[in-house]
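K.L.:
structure of the sequence below:
(2 chains)
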Amino acid sequence: MTPLFSVRDLRKTYGGRIGCTDVSFDLYPGEVMGIVGESGSGKSTLLNCLAGHLAPDAGQVMYDTRHNGMVDTLRMAEPERRMLGRTDWAFVHQNARDGLRMSVSAGGNVGERLMAVGARHYGQIRAAATDWLERVEIDAGRIDDRPSAFSGGMQQRLQIARNLVTGPRLVFMDEPTGGLDVSVQARLLDLLRGLVRDMGLSAIIVTHDLAVVRLLADRLMVMKGGHVVESGLTDQVLDDPQHGYTQLLVSSVLQA
Amino acid sequence: MKAMIEIEAVSKQFCLHNQGGAVIPVLSGAQLSVKPGECVALTGSSGAGKSTLMRMIYGNYVTHSGRILIGGLDVAQAEPREILALRRQVLGYVSQFLRVVPRVPTCDVVAEPLLALGVRPDEARERAQTLLERLRIPQRLWQLSPTTFSGGEQQRVNIARGFVHPYPALLLDEPTASLDPVNRETVLCLIEEAKARGAAIVGIFHDAPARARVADREIDVGRFTPGWAA
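P.N.:
Just a heads-up that it's a prediction; the model follows:
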């Protein structure tokens, strides 16, 4: 099996400060990788470099495109990369407001991404939007409401529907359950697990919540000071951490 | 017959970086071989490393040296995705604790290993329900999350999850603990049926009569404690 996404020696600095450095990994189809670490550890910088939102200083970010095989996305032409971001890739922001158009209806938010890849038939777009609202457990009767009238948990589910409607193969998520209350978190986690399994999605999830990665991620990368200090199977890293920092991180979790 | 689980010259130590870098050697030179249809019980006093060895076989703990071959895959060296594929298809594990996503119904918790294998949802639920019925989980609880169940009920949900797919290799950590005699009998029957269909089983049983009934051999893990010979 060949990797879907292959990263080599990625480095990003802010002036003299290291954002992230020496990051290399392969992500295979259907794999979910978690990136954990404290604030300032470089995990969001890394995610943004991977997704093409930030330009790294050095390294390669190779993606197995549907038509041309492995391509270095850092050397892609801008229109091509934007097309990738609208079709094969998806990005779920921590704050749903950053990933939604708040002045457009829920159905419009989902339909817009379809139109961006060429859908023009209104009936089909609306049917697809209705289907996706139901899949993320939003009552289809709310299709014409604006997201500003939705609760935080509903907004997050709408953002996920908007992202997944084009059938992406790789999803980047930045703290997808951050800022939601725990009961909503559990429901969202269950939903995400089901979608990942049923659609065969690959995903990279940045979070500081170890319970979230235990439930969602197959494997884990632990970051500190811009470096990856440990990586491996999720339950192995959490239950038998080898690096001092990971041991500290795992032993610092408060028991509810 | 070829062994299903083969452990060779395995050692393990814990290094506690935040507690003065204390190094605790747990196992050295551990070896073990389990054929299809065979059940091997791990014995030894508390702290001897029974659960540690079992977790190493599952790939949950890092193995520092030696080989742990399960159906030909060396768990000590394998990539995460290889270990996950092994756990989906080959290697089942009934731990002492049930860890689930909150609010997921019991029936789906038990059916999940089958869904991960691509079994159709209705068939997966049907097989899950058959096992829940056999383990005497009342039907009115099937649509509820097991997080609020009693210890014995959670244990039985865990067992149902571990037996819903006919894994060729099974790890059982105290499968009969906290069960009443009737349910204990059911679990022992499940273990015997798994052996009869050719599963290779490694188990920890504090329940001595249960161990005597299902285990073909016993391995004292204390033999692998570093410095034991000295």
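K.L.:
in chain B, which spans are strands?
P.N.:
Counting by DSSP state E, chain B has these strands, from start to end: B:5-16, B:22-34, B:39-43, B:65-70, B:73-74, B:91-94, B:169-173, B:200-204, B:217-220.
K.L.:
possible to save those as JSON lines with mean pLDDT?
P.N.:
As requested, the strands of chain B are arranged in JSON lines below (pLDDT from 0 to 100):
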{"stretch": "strand B:5-16", "mean pLDDT": "94"}
{"stretch": "strand B:22-34", "mean pLDDT": "93"}
{"stretch": "strand B:39-43", "mean pLDDT": "97"}
{"stretch": "strand B:65-70", "mean pLDDT": "96"}
{"stretch": "strand B:73-74", "mean pLDDT": "96"}
{"stretch": "strand B:91-94", "mean pLDDT": "96"}
{"stretch": "strand B:169-173", "mean pLDDT": "97"}
{"stretch": "strand B:200-204", "mean pLDDT": "98"}
{"stretch": "strand B:217-220", "mean pLDDT": "96"}
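K.L.:
between these, which one is closest to A:Val165.
P.N.:
With respect to A:Val165, and counting by C-beta to C-beta, the nearest of the strands of chain B is strand B:91-94 at 36.5 Å. For every residue, glycine as well, the C-beta is placed using N, CA and C.
K.L.:
chain center to that closest one, what's the gap?
P.N.:
How far strand B:91-94 lies from its chain's middle: 4 Å, per C-alpha atoms, centre = their mean, to the nearest Å.
K.L.:
closest one to chain A among the strands of chain B?
P.N.:
The closest of the strands of chain B to chain A is strand B:5-16. By C-beta to the nearest C-beta, the value is 7.0 Å.
K.L.:
just the CA atoms of that closest one, as PDB, please.
P.N.:
What follows is strand B:5-16, C-alpha atoms only, in PDB (Å, rounded to 0.1, in the frame of the first residue of the first chain):
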ATOM      1  CA  ILE B   5       1.500 -16.800  19.200                       C
ATOM      2  CA  GLU B   6       5.200 -17.100  19.500                       C
ATOM      3  CA  ILE B   7       7.200 -15.000  22.000                       C
ATOM      4  CA  GLU B   8      11.000 -15.200  21.900                       C
ATOM      5  CA  ALA B   9      13.600 -13.600  24.200                       C
ATOM      6  CA  VAL B  10      11.400 -10.700  25.200                       C
ATOM      7  CA  SER B  11      12.500  -8.100  27.700                       C
ATOM      8  CA  LYS B  12      10.800  -5.000  29.100                       C
ATOM      9  CA  GLN B  13      11.700  -2.200  31.500                       C
ATOM     10  CA  PHE B  14       9.900   1.000  32.600                       C
ATOM     11  CA  CYS B  15      11.900   4.200  32.700                       C
ATOM     12  CA  LEU B  16      10.200   6.900  34.800                       C
END
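K.L.:
and it, what does it pack onto?
P.N.:
Packing partners of strand B:5-16 (3 or more C-beta pairs under 8 Å, 6 or more residues apart in numbering or on different chains; DSSP states H and E): strand B:22-34, helix B:50-58, strand B:65-70.
K.L.:
most tightly packed of those?
P.N.:
Among the helices and strands packed on strand B:5-16, ranked by average contacts under mean count of other C-beta atoms under 10 Å in any protein chain shown, first place goes to helix B:50-58 (a mean of 23).
K.L.:
helices or strands up against that one?
P.N.:
Using 3+ C-beta pairs under 8 Å, 6+ apart, helix B:50-58 sits against strand B:5-16, strand B:22-34, strand B:39-43, strand B:65-70, strand B:91-94, strand B:169-173, strand B:200-204.
K.L.:
how much space separates whatever residue of chain B ends up closest to chain A from B:Val157?
P.N.:
Scanning chain B for the residue nearest chain A gives B:His17, at 3.1 Å (criterion: C-beta to the nearest C-beta). Noted for B:His17: a distance of 36 Å to B:Val157, by C-beta to C-beta, to the nearest Å.
K.L.:
in the stretch 51-200 of chain A, which residue sits nearest chain B?
P.N.:
Counting by C-beta to the nearest C-beta, the stretch 51-200 of chain A gets nearest chain B through A:Ala186, at 4.1 Å.
K.L.:
and that residue, how far is that from A:Arg193?
P.N.:
Distance of A:Ala186 to A:Arg193, computed by C-beta to C-beta: 11 Å.
K.L.:
quick check: neighbours shared by those two?
P.N.:
Contact with both A:Ala186 and A:Arg193 is made by residues B:Val101, according to C-beta atoms under 8 Å, 6 or more residues apart in numbering or on different chains.
K.L.:
quick one: which of those two has more around it?
P.N.:
Legend: neighbour count by other C-beta atoms under 10 Å in any protein chain shown for A:Ala186 and A:Arg193, higher for A:Ala186 (19 against 16).
K.L.:
can you tell me which residues contact that one?
P.N.:
Per C-beta under 8 Å, 6+ apart, neighbours of A:Ala186: B:Val101, B:Pro102, B:Arg103.
K.L.:
ramachandran coordinates for the second one?
P.N.:
Just to be clear, that refers to B:Pro102. Dihedral pair for B:Pro102: phi -60, psi 150, per degrees, to the nearest 10.
K.L.:
dump the strands of chain B to TSV, plus distance to A:Val171.
P.N.:
Output for those, formatted as TSV (distance: least, C-beta to C-beta, whole Å):
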stretch	distance to A:Val171
strand B:5-16	36
strand B:22-34	39
strand B:39-43	41
strand B:65-70	31
strand B:73-74	29
strand B:91-94	28
strand B:169-173	33
strand B:200-204	37
strand B:217-220	45
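K.L.:
so which of those strands comes closest to A:Gly244?
P.N.:
That would be strand B:5-16 among the strands of chain B, by C-beta to C-beta, at 8.7 Å.
K.L.:
okay, the angle between the closest one and strand B:39-43?
P.N.:
Angle of strand B:5-16 versus strand B:39-43, following axes from the mean of the first three to the mean of the last three C-alpha atoms, to 10 degrees, is 30 degrees.
K.L.:
can you point out the buried residues in strand B:5-16?
P.N.:
B:Ile5, B:Glu6, B:Ile7, B:Val10, B:Ser11, B:Lys12 (16 or more other C-beta atoms under 10 Å in any protein chain shown).
K.L.:
just the C-alphas of stretch A:93-107, formatted as CSV.
P.N.:
The C-alpha coordinates for stretch A:93-107 follow below in CSV (Å, rounded to 0.1, in the frame of the first residue of the first chain):
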residue,chain,number,x,y,z
HIS,A,93,-11.7,24.8,12.2
GLN,A,94,-11.9,24.9,16.0
ASN,A,95,-14.2,27.8,15.8
ALA,A,96,-17.1,26.9,13.4
ARG,A,97,-17.4,30.6,12.5
ASP,A,98,-14.1,30.4,10.8
GLY,A,99,-15.2,27.6,8.5
LEU,A,100,-18.8,28.7,7.8
ARG,A,101,-20.4,31.6,6.1
MET,A,102,-22.6,33.0,8.8
SER,A,103,-24.8,35.1,6.5
VAL,A,104,-25.7,32.2,4.3
SER,A,105,-28.3,29.5,5.2
ALA,A,106,-27.3,26.1,6.5
GLY,A,107,-28.2,24.5,3.1
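K.L.:
contact partners for the residue of the stretch 101-250 of chain A found nearest chain B?
P.N.:
Across the stretch 101-250 of chain A, the shortest distance to chain B (C-beta to the nearest C-beta) belongs to A:Gly244, at 3.1 Å. Neighbouring residues of A:Gly244 by C-beta under 8 Å, 6+ apart: B:His17, B:Asn18.
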